[in-house]
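J.: Here's my sequence, what's the structure:
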Amino acid sequence: MKIAIRMDDITPAMDREKFDRFKALLDKHGIKPLIGVVPECKDEKLNISEPIEDFWGFVKELQKDGWIVAMHGFNHVYTTKEAGVFPVGGKSEFAGIPYSKQDDMLRMGKRILRENDIFTDIFMAPSHSFDNKTIKALKKNGFSKITDGFGIAPYKRSGLTFYPISLFKKRTLSDKRDGITTFVYHTNTMDEKEFADFEKLLENAQVVSYSELMDKEAVAQGILGYICEYILAKAKYTVLNLKKSLK
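T.: Residues are numbered from 1 along each chain as shown. Now for the predicted structure:
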């Protein structure tokens with residue numbers, strides 16, 4: 001199984017030291033990831049380092065170097081406890097919000113990117129949470145791709161292309177099928193063990209640039225595929241909550 005890399009929470013005040021450390025490992029192996037850039041971050045938890053002086057120039061250089069940019073929400077502020085159509089979390093910036101408000105958020109977010117010469121049609125929902133109104137608003141605002149869903153290849157649903165993430169990393173690493181999925185990383189919160197594990201992953205697994213996942217042909221997902229995906233997402237959310245309650 002091939003693995004592409006996704007990096008969430010790219011903001012001006014992210015933990016720059018950890019970002020640079022993660023990037024150095026990627027560069028060493030020639031891997032270009034997908035990065036989720038928050039257009040107008042108002043999430044105080046993501047303010048860790050001194051803001052990058054020319055943040056948008058920084059992002060633009062990464063994009064020129066082959067890194068794929070997704071729009072990661074709008075403010076990255078959770079306002080509901082709705083899980084949405086992909087229920088792996090219990091909070092959302094989008095799910096449960098009226099359509100007109102979601103439309104405004106997506107339009108303003110994309111405008112901010114465009115005004116800073118960053119162009120993308122990929123959406124990355126904070127906490128993987130979005131609903132059918134989000135999907136409608138995404139299409140209206142020129143988005144055609146979402147980094148979410150389960151599986152070993154891109155698929156099409158509701159007029160969008162979904163690029164899957166790994167449900168369980170250990171299971172993915174032992175999967176011998178001919179496919180490709182995504183491992184998700186939040187560098188702001190990574191510890192020494194997680195960096196060591198990531199370095200081992202790059203050395204031992206079939207890690208590829210995100211563009212290879214995007215080059216795969218997407219197939220249509222039927223209702224059975226959607227039902228199975230929903231059950232798997234709900235099961236993972238339940239397992240994660242159970243682990244938290246036992247700590």
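
J.: partner strands of the lengthiest strand in the chain, parallel or antiparallel?
T.: Ranked by residue count under DSSP state E, the longest strand found in the chain is strand 2-10. When pairs are called by DSSP bridges, strand 2-10 turns out to pair with strand 34-37 (parallel), strand 180-185 (parallel), strand 206-207 (parallel).

J.: How about residues contacting it?
T.: Strand 2-10 is contacted from outside by 19, 22, 26, 31, 33-38, 46, 59, 72, 76, 124, 147, 165-166, 172, 179-188, 201, 205-210, 212-213, using C-beta atoms under 8 Å, 6 or more residues apart in numbering. Backbone N, C-alpha and C define where each C-beta goes, glycine included.

J.: try 6 Å this time
T.: Under the contact criterion C-beta atoms under 6 Å, 6 or more residues apart in numbering, strand 2-10 has outside partners 33-37, 46, 147, 180, 182-186, 188, 205-208, 210, 213.

J.: any chance you could map the helices in the chain?
T.: Along the chain, the stretches classed as helices by DSSP state H are 16-29, 55-64, 99-115, 132-140, 169-173, 192-204, 210-214, 223-246.

J.: just checking, what packs against the first one?
T.: Think helix 16-29. When contacts are defined as 3 or more C-beta pairs under 6 Å, 6 or more residues apart in numbering; DSSP states H and E, helix 16-29 sits against helix 192-204.

J.: any idea of the angle the helix it packs on forms with strand 180-185?
T.: If you take axes from the mean of the first three to the mean of the last three C-alpha atoms, to 10 degrees, helix 192-204 sits at 150 degrees to strand 180-185.

J.: Indicate which one of the helices of the chain is closest to Thr161.
T.: helix 210-214 (8.7 Å; C-beta to C-beta).

J.: Quick one: list the elements packing against the closest one.
T.: Against helix 210-214 (3+ C-beta pairs under 6 Å, 6+ apart) you get no helix or strand.

J.: returning to that earlier point: give me the buried entries from the contacts of strand 2-10.
T.: Buried by 16 or more other C-beta atoms under 10 Å: 33-37, 46, 147, 180, 182-186, 188, 207-208, 210, 213, out of those.

J.: Report the mean per-residue pLDDT for the longest strand of the chain.
T.: Mean pLDDT, strand 2-10: 98.
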